[in-house]
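> Quick one, fold the following:
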Amino acid sequence: MDQRDIVEGLMARQPKDGVFLLADDDGKPIGDVTGFVMRLLAANGGWLEANAARSSRFLTAGKLAARDVGTELDKLYGLEGMAAVCEIIDELLPDAGYELEAAWAGIGDWKA
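Numbers count the residues shown, from 1 in each chain. Predicted structure coming up:
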């Protein structure tokens, strides 16, 4: 099963918890960010990979939703949580991480 199949399956189920977990240095779970990841995928229009011909929607139609997610992440998990979710998004939607970074500029300690 490739990443696209995984994400399409997740989008179809719209999970609220238990798929993407944050862990401390010892591997102990400290937070569930599944809902945040799903909201970002929805803000991007689902599985629409960014590429040279088409950027993500994190700086256009999905920017407000992306910033809302970033603000909530910052309040709950700080910069480390935001960085972890950005990394997840970049793995799921290659090349979209840079635009998510830019969309989150100025939220908490986040610098684009």
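
> Every contact and neighbour count from this point should use C-alpha atoms.
Fine.

> any idea of the mean pLDDT for the longest helix along the chain?
When the chain is parsed with DSSP state H, its longest helix is helix 63-92. If you average the pLDDT over helix 63-92, you get 94.

> how about that helix: buried residues?
Buried residues in helix 63-92, defined by neighbour count with 16 or more other C-alpha atoms under 10 Å: 63, 65-71, 73-74, 77-79, 81-90, 92.

> what about the strands in the chain?
Under the criterion DSSP state E, the chain contains strands at 21-23, 29-32.

> how about CSV for those strands, with mean pLDDT added?
Shown next, in CSV, are the strands of the chain (pLDDT from 0 to 100):
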stretch, mean pLDDT
strand 21-23, 82
strand 29-32, 83
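
> Point out the most buried one among those.
strand 21-23 (a mean of 16; mean count of other C-alpha atoms under 10 Å).

> quick one: that one to chain centroid distance?
The chain centre lies 14 Å from the centre of strand 21-23; the measure is C-alpha atoms, centre = their mean, to the nearest Å.

> so what does the longest helix of the chain touch, helix or strand wise?
helix 3-13, helix 34-43, helix 97-103 (3 or more C-alpha pairs under 8 Å, 6 or more residues apart in numbering; DSSP states H and E).

> My read is that residue 47 contacts residue 56, right?
No. With contact defined as C-alpha atoms under 8 Å, residue 47 does not reach residue 56; the gap is 10.0 Å.

> With neighbour numbers in mind, choose between these two.
residue 56 (26 against 16; other C-alpha atoms under 10 Å).

> ok, the more buried one touching residue 46?
No. The criterion here is C-alpha under 8 Å, and residue 56 misses it with residue 46 at 10.2 Å.

> Check the gap between the residue of the chain positioned farthest from its centre and residue 84 for me.
The C-alpha centroid of the chain is most remote from residue 26, which lies 23.1 Å away (C-alpha atoms, centre = their mean). Distance of residue 26 to residue 84, computed by C-alpha to C-alpha, to the nearest Å: 16 Å.

> Understood, closing this out.
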